[in-house]
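Student: attaching a predicted model along with its sequence, questions to come.
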Amino acid sequence: MLNPIILILAVIFDKIIGELPEKIHPTVWIGKLIYSLEKIFKSTNSKNRYKDFLFGFIITLITISVVAIISIYVEKIVLSLYFPLNYIVYAFLLSTTIGYKSLFDFCKKPILYIKEGNIEKAREAVQHIVSRDASKLDKEHILSATIESLSENITDSIIGALFYAIIFGLPGAFVYRAINTLDAMIGYKNKKYLWYGKIAARLDDIVNFIPSRISGLLLIITAPFYKGNIRKAIYGFLKESNKVSSPNSGYTMATLANALNITLEKIGYYKLGSGKIDIEKSLMAFKAVDFTVITFLIIYSLIWWIL
């Protein structure tokens, strides 16, 4: 099990530094690898689903294998360094698998624009974090889309990578990020990627199964700290998480929506919670993420110390 000091340092590094320049960012490199493989193993746009499925499997296998081999080798080099340099370098590399600061930066923009009364800028900003058409969204639905993205990415951007780092070290975090990137690039339900990205999408569902539920439970436990309602948070976790098509993202989205007594709605798809969403409650969602991450680190540190 990974020393919790490394996890804490990784989170601190990410909060201070944020994303590295694209030229040296590991996730960007992973994305370029996937893009290159797509050029070699081209999709048939569902004309031949068996070929698409096989090519998607090959791309996924190569990507995960390359990332795993490199990260295992890098981890060995880092661990051979003297203390405390080994901890510092390890934590810094681990921080590149986390998107804590960038998640906050992107999700706060639409809210700040609404606060300024600039709804057009808010629509433009929210379009960068959601796939739905944001051009006609009203203030409430812009706030909703923003908090949906924020709550969903508690798992994808933070807890998931930390969880797999605890179990499998640096390779675990990087392989998790590789799977996440594969899903983001080819895991779509459209003509081109329906069969081509099926393995990547299902694999992403599998690796997020436990972390998403941990994140949801932590949102329940920490509810009083961000002025949330525990009873309603439990209701959201148990009763509304299945309203979202994803088998995982609903656990954080529904829990947070009910805890803060706000409505998160993707028109024509789902509606979570029942209260009115506003700027104040939307900003409280960021505190909810902070307390979730802090509590995760505290609980793990206690477990590590006891064992």
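Tutor: Structure received. The shown structure was predicted, so the numbers you read here are calculated from the model rather than taken from an experiment.
Student: for whichever strand or helix holds V74, buried residues please.
Tutor: For V74, the host element (DSSP states H and E) is helix 49-79. Buried residues in helix 49-79, counted by 16 or more other Cβ atoms under 10 Å: 51-53, 55-56, 59-60, 62-64, 67-68, 71, 74-75, 78. No exception for glycine: its C-beta is placed from N, CA and C like everyone else's.
Student: can you pull out the helices in the stretch 51-200 of the chain?
Tutor: Assigned by DSSP state H, counting those that start in this stretch, the helices in the stretch 51-200 of the chain fall at 85-95, 100-116, 119-127, 139-153, 160-186, 198-207.
Student: between those helices, which gets nearest to S241?
Tutor: Nearest of the helices of the stretch 51-200 of the chain to S241, taken as Cβ to Cβ: helix 139-153 at 11.4 Å.
Student: and the closest one, how far out from the chain's middle?
Tutor: 14 Å (Cα atoms, centre = their mean, to the nearest Å).
Student: distance of the residue lying closest to I16 once chain neighbours are set aside from L219?
Tutor: Closest residue to I16 apart from its sequence neighbours, by Cβ to Cβ, 6 or more residues apart in numbering: K101 at 7.8 Å. Here K101 is placed at a distance of 20 Å from L219 (Cβ to Cβ, to the nearest Å).
Student: now swap in I154 and tell me
Tutor: I154 is 8 Å from L219, where distance means Cβ to Cβ.
Student: now the common contact residues for the two.
Tutor: Shared contacts of I154 and L219, defined by Cβ atoms under 8 Å, 6 or more residues apart in numbering, are found at 252, 292.
Student: contacts only, for the residue nearest the centre of the chain.
Tutor: Residue closest to the average C-alpha location in the chain (Cα atoms, centre = their mean): D156, at 1.7 Å. The neighbourhood of D156, defined by Cβ under 8 Å, 6+ apart, consists of 99, 180, 208.
Student: would you turn the residues you listed into JSON lines with neighbour count, pLDDT and distance to D138?
Tutor: JSON lines is the format used below for these (neighbours: other Cβ atoms under 10 Å; pLDDT from 0 to 100; distance: Cβ to Cβ, whole Å):
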{"residue": "G99", "neighbour count": "22", "pLDDT": "95", "distance to D138": "28"}
{"residue": "N180", "neighbour count": "25", "pLDDT": "96", "distance to D138": "31"}
{"residue": "N208", "neighbour count": "26", "pLDDT": "97", "distance to D138": "31"}
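Student: surely the residue nearest to I16 meets I12?
Tutor: No - counting by Cβ atoms under 8 Å, K101 stays clear of I12, with 10.6 Å between them.
Student: neighbour count: those two, which is higher?
Tutor: Neighbour count, other Cβ atoms under 10 Å: between K101 and I12, K101 has more, with 18 against 13.
Student: residues in contact with the more buried one?
Tutor: Counted by Cβ under 8 Å, 6+ apart, K101 has contacts 14-19.
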